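Student: Fold the following, please.
(one chain, ligands or ions: 2)
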Amino acid sequence: MNAELHAGGNTWRSLPAAQQPEWPDQEALRDVIAELESYPPLVFAGECDQLRQRLGAVARGEAFLLQGGDCAEAFDAVGADQIRNKLKTLLQMGAVLTYAGQVPVVKVGRIAGQYSKPRSKPTETRDGVTLPTYRGDSVNGFAFTPEARTPDPQRLKRMYHASSATLNLVRAFTTGGYADLRQVHAWNQDFVKSSPSGQRYEALAREIDRALNFMNACGTDPEEFKTVEFYSSHEALILDYESALTRTDSRTGNLYDVSGHMVWIGERTRQLDGAHIEFASKIRNPIGVKLGPTTSAEDALTLIERLDPEREPGRLTFITRMGAGKIRDHLPELVEKVTASGAQVAWICDPMHGNTFEAASGHKTRRFDDVLDEVKGFFEVHKSLGTHPGGIHVELTGDDVTECVGGGDEIFVDDLHQRYETACDPRLNRSQSLDLAFLVAEMYRDQ
Ligand SMILES: O=C[C@H](O)[C@H](O)COP(=O)(O)O
Ligand SMILES: C=C(OP(=O)(O)O)C(=O)O
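Tutor: Residues are numbered from 1 along each chain as shown. Ligands and ions are numbered 1, 2, ... in the order given. From the prediction side, this is the model:
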C-alpha cells in the first residue's frame, strides 16, 4: 500500500466502515488496490478547486446547482447513445433553469463513477434461495446467481475504466460544440412542441428565444455559446477504491480524491465517528452529505465541524432527502441552526430518495407529484427563512424509461413494466426530467 497515502487518505481504515462489500479474497483486493494506486487521475485537482468555487457561489446565493444522473451506472450502459442522452437532458434542464433564475447553473452529473450502491439489506431471497444483495457494478453482478453476486475486486478496475471512458466522452461533448446553447434551446423548443403539457412552458421558451436573438443581434461572439462547464460526481462509498484514487496535489500538498470532481457521503454512511466522514475530512474535493429526515441539527453542526472547519463556502453541500410529507417539518430547524452557526453551506434538495414506494406489481417507483411537492416544500422553507434554495439533486436518465409514475406525458402504475431498466432505484425519464426543470424554473423565478 502506498506509504504516502497511509498518512492521510487511509486514516479511515481504523474506523467502522458501513456498507462495504465482503470481498472473499483479500489478497486479490490488495493487488487491485495497488494497481489502482498506479493509475492516472480521472480528474485534476485544479478542476475540483474550480467546482468548489462554483459551489461557493451556490452557498452565497449567487448560483444554482443542477446535479443529476443515474441511480446506478452500469458497465453495459457505457455507450455513446446513453451518455449523450443523459448529458443532453441535463443541458436542456440547465438552460431553462439559467434563464428562469438569471444566475449561473452549476452542472454536475451523477456520472463517470456512480457504480456503487448502499443497500437496506445485505442479502436478497428469491424462491427460498438467499444470495448477497446487488451493490452496484463496482462490486458484483445484477444477475441472481451465486457467481454474479459474489463480490469481485476486479470490478473496481472496470469501474475505473468505465468512468474514464464516460468522462472522456462527456469532455468531448461539452467542449466540442455539441453543447452549443442555441442547439440546446432548439431541443427544448422541440420538447415544448411535443409534450402534452408543453403549452404551459411555451411562454418561457419564447422568452429564452428572444433573449438569444437579442444577444445575437448585439453581436455576442457565437464561440461563447459553444462550450459548457460540466463536472462529475458520485457517492464515495467503496473506500478501498476512493482511497486508492486519492493523490497528493503537487501544487499544494493537499489530498484529492481524483475519481471525480465532487463526491458525496450517503444517508447510510454519514456516521459522525465512521470511516466515510473521516475519509471525506482528509480530501480537498467539494463534499456533499445526504441528510434524511432523522438528521438532528446537532448532527448537521458536527458534520460542519468535521468537514468544513474553515467555514469555506463551496466546501460542503448538504443534500436533503426528507420526503415530500416531512420536508416542511424537518428542514426549517436544520437550516435555522446551521445559518445561526455562521456556516455557509449549499442547500440542495434531493426529492427522490424520501419518496420511494413499492407498486403492487413489485416495482420500486416514485410519483412525479411527490418529487415536485418535495421541491416545492424546499423552496417554501427557504423562502420563509430568507435562505437560498441552492439546487436540486435528481436521479434521471435521458432515455424514455417507465420507472417513475406521473409527469406531463403520464406514466401509469400499469406502464411500469414496459421499460423498467434501472438496476436499483427508479429514475425520471427524459420528459419527466424536462417537466421538472420547467416547473422548478417557475418556482425559482417566483422565489
Ligand atoms: O439509491 C439508494 C439506495 O441504494 C437504495 O435506495 C437502496 O435501496 P434498497 O432499499 O432496495 O436496498
Ligand atoms: C443512496 C443514495 O441516496 P441516499 O444516501 O440519500 O439514500 C443515492 O443518492 O444514490
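Student: alpha carbons only for contacts and neighbour counts from here, please
Tutor: Fine.
Student: Name the residues of stretch 16-33 that come out as buried.
Tutor: Ala17, Ala18, Gln19, Gln20, Pro21, Leu29, Val32, Ile33 (16 or more other C-alpha atoms under 10 Å).
Student: what's the fourth one in contact with, if anything?
Tutor: Yep, that's Gln20 we're talking about. Leu237, Ile238, Leu239 (C-alpha atoms under 8 Å, 6 or more residues apart in numbering).
Student: same question, the fifth one
Tutor: Pro21 makes contact with Arg135, Val139, Pro151, Ile238, according to C-alpha under 8 Å, 6+ apart.
Student: Recalculate using a threshold of 10 Å.
Tutor: Contacts of Pro21 were listed using C-alpha atoms under 10 Å, 6 or more residues apart in numbering, and they are Pro118, Pro122, Pro132, Thr133, Arg135, Val139, Asn140, Thr150, Pro151, Asp152, Pro153, Ile238.
Student: do the first one as well
Tutor: Shown here is Ala17, whose contacts under the criterion C-alpha under 10 Å, 6+ apart are Leu237, Ile238, Leu239, Thr269, Arg270, Gln271, Asp273, Gly274, Ala275, His276, Ile277, Glu278.
Student: before we move on, the earlier item: inside helices: which ones of the buried residues of stretch 16-33?
Tutor: Leu29, Val32, Ile33 (DSSP state H).
Student: Buried ones among the contacts of Pro21?
Tutor: Counted by 16+ other C-alpha under 10 Å, the contacts of Pro21 give Pro118, Pro132, Thr133, Arg135, Val139, Asn140, Thr150, Pro151, Asp152, Pro153, Ile238 as buried.
Student: And the fifth one, how far from Glu374?
Tutor: This points to Val139. 32 Å (C-alpha to C-alpha, to the nearest Å).
Student: Closest one of the contacts of Ala17 to Ala423?
Tutor: The closest of the contacts of Ala17 to Ala423 turns out to be Leu237 (C-alpha to C-alpha; 16.9 Å).
Student: Apart from its neighbours in sequence, what residue is nearest that closest one?
Tutor: Ser116 (6.5 Å; C-alpha to C-alpha, 6 or more residues apart in numbering).
Student: Please apply the same query to Ala437.
Tutor: Leaving aside its chain neighbours, Ala437 sits nearest to Met93 (5.2 Å; criterion: C-alpha to C-alpha, 6+ apart).
Student: Can I get the strand or helix carrying that neighbour in PDB, CA atoms only?
Tutor: Assigned by DSSP states H and E, Met93 belongs to helix 80-101. Extracted as PDB, the C-alpha positions of helix 80-101 are listed here (Å, rounded to 0.1, in the frame of the first residue of the first chain):
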ATOM      1  CA  ALA A  80     -22.300   6.800 -26.800                       C
ATOM      2  CA  ASP A  81     -26.100   7.000 -27.000                       C
ATOM      3  CA  GLN A  82     -26.900   6.600 -23.300                       C
ATOM      4  CA  ILE A  83     -24.200   9.100 -22.200                       C
ATOM      5  CA  ARG A  84     -25.200  11.600 -24.900                       C
ATOM      6  CA  ASN A  85     -28.900  11.300 -24.000                       C
ATOM      7  CA  LYS A  86     -28.200  11.900 -20.300                       C
ATOM      8  CA  LEU A  87     -26.000  14.800 -20.900                       C
ATOM      9  CA  LYS A  88     -28.400  16.300 -23.400                       C
ATOM     10  CA  THR A  89     -31.200  16.100 -20.800                       C
ATOM     11  CA  LEU A  90     -29.100  17.800 -18.100                       C
ATOM     12  CA  LEU A  91     -28.000  20.500 -20.500                       C
ATOM     13  CA  GLN A  92     -31.600  21.200 -21.500                       C
ATOM     14  CA  MET A  93     -32.600  21.400 -17.900                       C
ATOM     15  CA  GLY A  94     -29.700  23.700 -17.200                       C
ATOM     16  CA  ALA A  95     -30.700  26.100 -20.000                       C
ATOM     17  CA  VAL A  96     -34.200  26.500 -18.600                       C
ATOM     18  CA  LEU A  97     -33.000  27.000 -15.100                       C
ATOM     19  CA  THR A  98     -30.400  29.500 -16.100                       C
ATOM     20  CA  TYR A  99     -32.900  31.700 -17.800                       C
ATOM     21  CA  ALA A 100     -35.500  31.500 -15.100                       C
ATOM     22  CA  GLY A 101     -33.100  32.000 -12.200                       C
END
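Student: Start from the N-terminal end of the chain and give the helices.
Tutor: So, for the chain - with DSSP H - the helices run 3-7, 26-38, 45-60, 80-101, 146-149, 154-175, 181-194, 202-217, 239-244, 275-282, 297-307, 327-340, 368-385, 430-446.
Student: list the contacts for the closest residue to Phe368 other than its chain neighbours?
Tutor: For Phe368, ignoring the flanking residues on the chain, the nearest one in space by C-alpha to C-alpha, 6+ apart is Gly406 at 5.1 Å. Residues in contact with Gly406 (C-alpha under 10 Å, 6+ apart) are Arg366, Arg367, Phe368, Asp369, Asp370, Phe412, Val413, Leu428, Gln432.
Student: Report the buried members of those.
Tutor: Arg366, Arg367, Phe368, Asp370, Val413, Leu428, Gln432.
Student: Would you reformat those residues as JSON lines and include pLDDT and distance to Arg251?
Tutor: Compiled in JSON lines, the buried ones among the contacts of Gly406 are given as follows (pLDDT from 0 to 100; distance: C-alpha to C-alpha, whole Å):
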{"residue": "Arg366", "pLDDT": "98", "distance to Arg251": "45"}
{"residue": "Arg367", "pLDDT": "98", "distance to Arg251": "47"}
{"residue": "Phe368", "pLDDT": "98", "distance to Arg251": "46"}
{"residue": "Asp370", "pLDDT": "98", "distance to Arg251": "46"}
{"residue": "Val413", "pLDDT": "96", "distance to Arg251": "54"}
{"residue": "Leu428", "pLDDT": "98", "distance to Arg251": "41"}
{"residue": "Gln432", "pLDDT": "96", "distance to Arg251": "43"}
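Student: how about Gly46, what does it touch?
Tutor: Arg52, Asp249, Arg251, Tyr256, His261, Asn285.
Student: Quick check: the second one touching Cys48?
Tutor: No. Asp249 sits out of contact with Cys48 when judged by C-alpha atoms under 10 Å, with a separation of 11.1 Å.
Student: Now list whatever residues contact both of those two.
Tutor: With C-alpha under 10 Å, 6+ apart as the test, Asp249 and Cys48 both reach Tyr256, Asp257, Val258, Arg284.
Student: top of those by neighbour count?
Tutor: Asp257 (32 neighbours; other C-alpha atoms under 10 Å).
Student: for Gly274, what are its contacts?
Tutor: Trp12, Arg13, Ser14, Leu15, Pro16, Ala17, Ala18.
Student: now for these, which pair is the farthest apart?
Tutor: The largest separation in the contacts of Gly274, counting by C-alpha to C-alpha, is between Ser14 and Ala18 at 12.6 Å.
Student: Quick check: neighbours shared by those two?
Tutor: Residues within reach of Ser14 and of Ala18 at once, by C-alpha under 10 Å, 6+ apart, are Gly274, Ala275.
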